[in-house]
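Q: turn this into a model:
(2 chains)
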Amino acid sequence: DTAVSQTPKYLVTQMGNDKSIKCEQNLGHDTMYWYKQDSKKFLKIMFSYNNKELIINETVPNRFSPKSPDKAHLNLHINSLELGDSAVYFCASSQHPMTSGSRNEQFFGPGTRLTVL
Amino acid sequence: KNEVEQSPQNLTAQEGEFITINCSYSVGISALHWLQQHPGGGIVSLFMLSSGKKKHGKLIATINIQEKHSSLHITASHPRDSAVYICAVPTNFGNEKLTFGTGTRLTIIP
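A: Residues are numbered from 1 along each chain as shown, chains lettered A, B, ... in the order given. So this is what the prediction gives:
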């Protein structure tokens, strides 16, 4: 059974389109994350949700809107796609939010490679 | 300057060699993470440590909190160990987030 799953694995689309990436975890974790990995393979956090509530929102264009219908799902919707949005997007989860003093291992999904033409 | 620096950026070694990858960070942390990204792109958490040393199979991770430095060692390296190894530290107070190093691309030649 896959712990953290993402769909689709690959997404090729035209500039200006709106697309969504879905993420589901079956680990019973409270906290989920979206990361972006750019062409230089550098990972950076975008969002974090704890029990459906947004707790981290990095400086990300508001074309990106995460939605958490329940604590097992965190979807990422992107409006008006731009060339610079091309990247690999990783979803991850951890038992609890990462707060000072806690040690929470993160489990990553397989990634979604988004290509904007 | 990145909060998390890794060295080397690229490492090529012969099968069987002892491998060391280094990570230095500039912030106070609760725990440091080592991750492995396979050539196919998947990311796996290898270690999370806040002091001393951890061992898992032929992987060993050490951390020196005072020096803000961690190392990942691979003994008896094998071509299947070829991957990108990434260290990450939690930053921010309150709701912390992982800040990642740029990764070390390891290639083990048979």
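Q: is chain B within reach of stretch A:16-27?
A: No - Stretch A:16-27 stays clear of chain B (CB under 8 Å from any CB of the partner chain), getting no nearer than 12.4 Å. Bear in mind the C-beta positions are built from the backbone N, C-alpha and C, glycine included.
Q: mind listing what's buried along the helix or strand bottoming out on mean pLDDT in chain A?
A: Lowest mean confidence among the helices and strands of chain A (mean pLDDT, DSSP states H and E): strand A:53-57, at a mean of 86. Buried residues in strand A:53-57, counted by 16 or more other CB atoms under 10 Å in any protein chain shown: A:55-56.
Q: partner strands of it, with direction?
A: strand A:43-50 (antiparallel) (DSSP bridges).
Q: got a list of contacts for the partner strand?
A: A:30-38, A:54-58, A:60, A:64, A:66, A:68, A:71, A:74, A:76, A:90, A:96-97, B:86, B:88, B:95, B:97-100 (CB atoms under 8 Å, 6 or more residues apart in numbering or on different chains).
Q: ok, back up a step: check which helices and strands the helix or strand following the least confident helix or strand of chain A is in contact with.
A: Next along the chain after strand A:53-57, taking DSSP states H and E as the criterion, comes strand A:64-70. Contact partners of strand A:64-70 among helices and strands, from 3 or more CB pairs under 8 Å, 6 or more residues apart in numbering or on different chains; DSSP states H and E: strand A:43-50, strand A:53-57, strand A:73-78.
Q: got the angle between strand A:64-70 and strand A:43-50?
A: Orientation of strand A:64-70 against strand A:43-50 (axes from the mean of the first three to the mean of the last three CA atoms, to 10 degrees) gives an angle of 40 degrees.
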